[in-house]
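K.L.:
Quick check, what structure comes out for this input:
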Amino acid sequence: MSVRGFVAASLMLSLFTRTGSSQFQQTESPEFLKDGSLKFFLRAPDANAVYLTGGFVPDGKTAMTKDAEGIWSVTIPPLEPDIYGYKFEVDGVSIVDPMNYDGRLGRWHESLLFVRGETPRLYEEQNVPRGTVHIHAYESNSLEALRRVRVYTPPGYRADAETPYPVVYLLHGYGDYEGSWSEVGRADVIADNLIAAGAIVPSVIVMPKGHTHPSELTSRTGPLSDRGFADDLLNDIMPLVEREYAVSTDREKTAIVGLSMGGGHALNIGLKNLDEFAWIGGFSSAAPTEGLDESFADAKRHPEQLKLLWIGIGRDDFLFERNEQFRSWLDESGIPYTPHITDGGHTWAIWRDYIAEFLPLLFK
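P.N.:
You can find the predicted model right below:
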């Protein structure tokens with residue numbers, strides 16, 4: 001059973017064992033009704049108040065109604081096709097939906113709701129060859145800790161390939177973990193669909209854990225520092241990937257990109273290590289702000305080494321001004337980059353679009 005399934009099963013067990021048996025037969029939540037509306041359920045007979053919470057309901061939450069069997073429910077109007085996050089608030093305590101096995105772990109835990117349209121989106125599984133997401137546990141000598149990394153190999157991947165595959169290091173944001181880009185960002189599904197369409201070069205995608213110290217997740221101010229993530233990536237993860245997979249070690253076949261905190265990591269690590277990365281991207285990045293001339297002196301001296309520096313940000317993103325300041329420094333320093341300014345804020349809906357736009361630009 002997956003971690004998601006274990007969490008959901010544990011919550012369901014606690015709800016049923018605490019309150020006794022029931023005739024309630026609903027096995028999946030939410031239920032899609034014939035008119036496109038959605039009905040959410042939660043069995044909590046002893047609860048006094050239950051709300052459905054999520055960005056798709058007015059004011060962020062809506063009250064649910066309890067029936068004679070202690071089943072709380074609420075029906076909402078049809079939603080536009082997208083992936084939505086939601087939770088239940090039970091007497092002031094937020095929980096994920098115990099009858100929905102699609103979810104997001106980490107600090108921002110929530111259940112995920114897939115609303116599909118007539119035409120499949122790029123992040124939806126389609127009838128195309130599928131790649132594989134591998135999970136590695138590895139000993140990080142840099143951090144003196146056992147850690148995990150996910151590695152996507154494209155459809156038809158061959159460990160004995162004569163020509164090594166390009167590799168993309170794809171970094172998550174604050175509060176997320178190494179599974180976020182595959183579970184919420186749908187990066188592997190997007191890559192499968194783009195490969196099937198002939199839009200991208202089949203590549204290995206590496207999704208590491210960006211947090212390196214527990215206090216980063218309990219701090220009220222967010223990440224305390226890189227906490228050695230660069231050392232872990234350069235000295236532990238990259239050698240692991242190069243040892244275990246048929247990937248190129250050529251800088252011109254190596255990319256690094258991330259979102260939010262991970263975007264900051266990608267910009268910092270990439271621009272300081274142009275001997276390793278020729279392709280760099282930042283989505284809604286926590287862009288670097290201090291000591292830029294000193295930190296990125298090599299990039300200023302040798303901007304021609306960059307194949308691509310891609311800066312994506314939404315106009316409503318709380319990091320927009322910070323990205324504008326970083327772009328101004330790039331302009332002043334003569335470092336070429338591709339700006340990608342869009343509508344929207346700091347959301348996975350934007351980042352799924354960004355990765356679908358970024359991958360086709362690589363390794364051409």
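
K.L.:
So Met238 lies in a helix, does it not?
P.N.:
Yes - under DSSP: H, G, I helix; E, B strand; the rest coil, Met238 sits within a helix.

K.L.:
mind checking pLDDT for it?
P.N.:
Met238 carries a pLDDT value of 98.

K.L.:
ok, so what distance separates it from Ala145?
P.N.:
From Met238 over to Ala145 the distance is 17 Å, taken as CB to CB, to the nearest Å. Glycine gets a C-beta too; all of them are placed from N, C-alpha and C.

K.L.:
Who has more neighbours out of the two?
P.N.:
A direct count of neighbours by other CB atoms under 10 Å for Met238 and Ala145 places Met238 higher, at 19 against 15.

K.L.:
For Trp279, what are phi and psi?
P.N.:
Dihedral pair for Trp279: phi -120, psi 120, per degrees, to the nearest 10.

K.L.:
For the nearest residue in space to it that is not next to it in sequence, list the residues it contacts.
P.N.:
Distances taken as CB to CB, 6 or more residues apart in numbering place Ala255 nearest to Trp279, at 3.6 Å, with adjacent residues excluded. Residues near Ala255 by CB atoms under 8 Å, 6 or more residues apart in numbering: Pro166, Val167, Val168, Tyr169, Phe277, Ala278, Trp279, Ile280, Gly281, Leu308, Leu362, Phe363.

K.L.:
which one of those has the most neighbours?
P.N.:
Among these, the one with the most neighbours (other CB under 10 Å) is Gly281, at 32 neighbours.

K.L.:
mind listing the strands for the stretch 1-150 of the chain?
P.N.:
Here the stretch 1-150 of the chain has its strands, by DSSP state E, counting those that start in this stretch, at 31-32, 38-43, 50-54, 61-63, 65-66, 71-76, 82-90, 93-95, 103-104, 110-115, 132-140, 145-153.

K.L.:
my guess is Lys209 meets Leu143, correct?
P.N.:
No - checked against CB atoms under 8 Å, the pair Lys209 and Leu143 is beyond contact range at 10.0 Å.

K.L.:
Name the residue in these two with the higher neighbour count.
P.N.:
Lys209 (21 against 17).

K.L.:
Need the pLDDT of that one.
P.N.:
Predicted confidence (pLDDT) for Lys209: 94.

K.L.:
Excluding chain neighbours, give the residue nearest to it in space.
P.N.:
Sequence neighbours aside, Glu178 is the residue nearest to Lys209 in space, at 4.2 Å (criterion: CB to CB, 6+ apart).

K.L.:
three-state assignment of the one you found?
P.N.:
Looking at Glu178 with three-state DSSP, the answer is coil.

K.L.:
Distance check, it against His109.
P.N.:
Look at Glu178 and His109: by CB to CB, they are 15 Å apart.

K.L.:
Compare the two (neighbour count), which wins?
P.N.:
Taking other CB under 10 Å, Glu178 and His109 do not tie; Glu178 has more neighbours (24 against 16).

K.L.:
Domain boundaries for the protein, per the record?
P.N.:
3-115, 132-361 (automatic domain parsing).

K.L.:
Of all these, which one is nearest Glu124?
P.N.:
The minimum distance between Glu124 and these falls on domain 132-361, with 6.9 Å, by CB to CB.

K.L.:
give the contact list for Pro288.
P.N.:
Residues in contact with Pro288, defined by CB under 8 Å, 6+ apart, are Gly264, Leu267, Asn268, Ser295, Phe296, Phe326.

K.L.:
Kindly provide the distance from it to Gln126.
P.N.:
The value you get for Pro288 to Gln126, if CB to CB is used, is 38 Å.

K.L.:
Asp82 too?
P.N.:
In terms of CB to CB, Asp82 sits 17 Å off from Gln126.

K.L.:
tell me the centre residue of the chain?
P.N.:
Trp181 (3.1 Å; CA atoms, centre = their mean).

K.L.:
helix or strand for it, which one?
P.N.:
Element membership for Trp181 (DSSP states H and E) is helix 180-183.

K.L.:
and that helix, which residues are buried?
P.N.:
Judged by neighbour count (16 or more other CB atoms under 10 Å), helix 180-183 contains these buried residues: Ser180, Trp181, Ser182, Glu183.

K.L.:
and what of stretch 313-328?
P.N.:
Residues Ile313, Gly314, Asp317, Leu319, Phe320, Arg322, Asn323, Phe326, Arg327 are the ones in stretch 313-328 that count as buried (16+ other CB under 10 Å).

K.L.:
ok, so of these, who is nearest Asn48?
P.N.:
Taking CB to CB as the measure, Asn48 lies nearest Asp317 of these, at 38.1 Å.
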